[in-house]
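A.B. asks: structure for this input, please:
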Amino acid sequence: VVKAFNRSRAEFMLATESPSEVKRHSSIEPRLTQRYLWNPLLVYGLKFDLRYIVLLKSVKPMELYMYKVFWPRFAPKRWALDDFDDYERHFTVMNYRAPSKVTHKTYVDFIEQFEIENPNIKWDTVQQKMYDTIRDLFMCGCQKMIPNPYTKAMYGIDAMITNDMQPVILECNFQPDCKRACNLCPSFVDDVFEVLFTDQPVTNDKVVQLKLPE
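C.D. replies: Numbers count the residues shown, from 1 in each chain. Next up, the predicted model:
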């Protein structure tokens, strides 16, 4: 899967098995190339991804927070490793192309169904792996950044889980679309501003700080 750099809504996205085609498209403008995830974890028999909100309050020392509410997004059709032209089988974001087919499942619904289908695994264990992976992403990405009190931002992380319970980050989006977040969490904007732009210690119970490795 080849994605155009710094674009949205699948603009100029390409699926190909040809390395030469990847190179040709990369010569036009920067591209991000990812292997198609062939072993996704399914819930309700459907492919899904998870949207997380990450709040970067400080670079050095790093101070990073996760908004506890996340958004599961499901493909409308049951997943199978075929029919690759079928958007509703292989894509999970429907609100731009097929808004009537958005599955309105909350994170509470998702966790409940996850633990029903995987009775030997607690969601908290998988989520901690996800938190650690996202933390490592920011630790790598911020290594060469210069400390500045104004260096703070909100990011949207899109992630999936493999069928052996390993997290996979798909995208990191600066200043993501927050319409769904605002609809589901009326205090969302206030929460974000409280975490990022107040000097007091963070006490908001809707976020969790990602701890750095010792």
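A.B. asks: average model confidence for stretch 165-177?
C.D. replies: Averaging pLDDT along stretch 165-177 yields 91.
A.B. asks: buried ones in that stretch?
C.D. replies: Neighbour-count burial for stretch 165-177 flags 167-173, 176 (criterion: 16 or more other C-beta atoms under 10 Å). C-beta here means a position set from N, CA and C on the backbone, and glycine is covered the same way.
A.B. asks: got the CA positions of that stretch in PDB?
C.D. replies: Taking C-alpha atoms only, stretch 165-177 is exported to PDB below (Å, rounded to 0.1, in the frame of the first residue of the first chain):
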ATOM      1  CA  MET A 165      -2.200  -9.400  19.500                       C
ATOM      2  CA  GLN A 166       0.600  -7.200  18.200                       C
ATOM      3  CA  PRO A 167      -0.100  -3.500  17.700                       C
ATOM      4  CA  VAL A 168       0.600  -2.000  14.300                       C
ATOM      5  CA  ILE A 169       0.600   1.800  13.700                       C
ATOM      6  CA  LEU A 170      -0.800   2.800  10.400                       C
ATOM      7  CA  GLU A 171      -0.600   6.600  10.500                       C
ATOM      8  CA  CYS A 172       0.200   9.500  12.700                       C
ATOM      9  CA  ASN A 173      -1.900  12.600  11.900                       C
ATOM     10  CA  PHE A 174      -1.100  16.100  13.100                       C
ATOM     11  CA  GLN A 175      -4.200  18.100  14.200                       C
ATOM     12  CA  PRO A 176      -6.700  15.300  13.300                       C
ATOM     13  CA  ASP A 177     -10.400  15.700  12.500                       C
END
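A.B. asks: give me the number of residues near residue 53?
C.D. replies: Residues contacting residue 53 under the criterion other C-beta atoms under 10 Å number 23.
A.B. asks: which parts of the chain are helices?
C.D. replies: Here the chain has its helices, by DSSP state H, at 19-26, 87-90, 107-117, 123-141, 179-184, 188-197.
A.B. asks: on that earlier part again, just give me the closest of the buried residues of stretch 165-177 to residue 39.
C.D. replies: residue 168 (9.9 Å; C-beta to C-beta).
A.B. asks: in contact with the residue lying closest to the closest one once chain neighbours are set aside, which residues?
C.D. replies: Leaving aside its sequence neighbours, residue 168 sits nearest to residue 160 (C-beta to C-beta, 6 or more residues apart in numbering; 4.9 Å). Residues near residue 160 by C-beta atoms under 8 Å, 6 or more residues apart in numbering: 37, 40-41, 48-50, 167-168, 170.
A.B. asks: nearest to residue 66 among those residues?
C.D. replies: Using C-beta to C-beta, the contacts of residue 160 come closest to residue 66 at residue 50, 11.5 Å.
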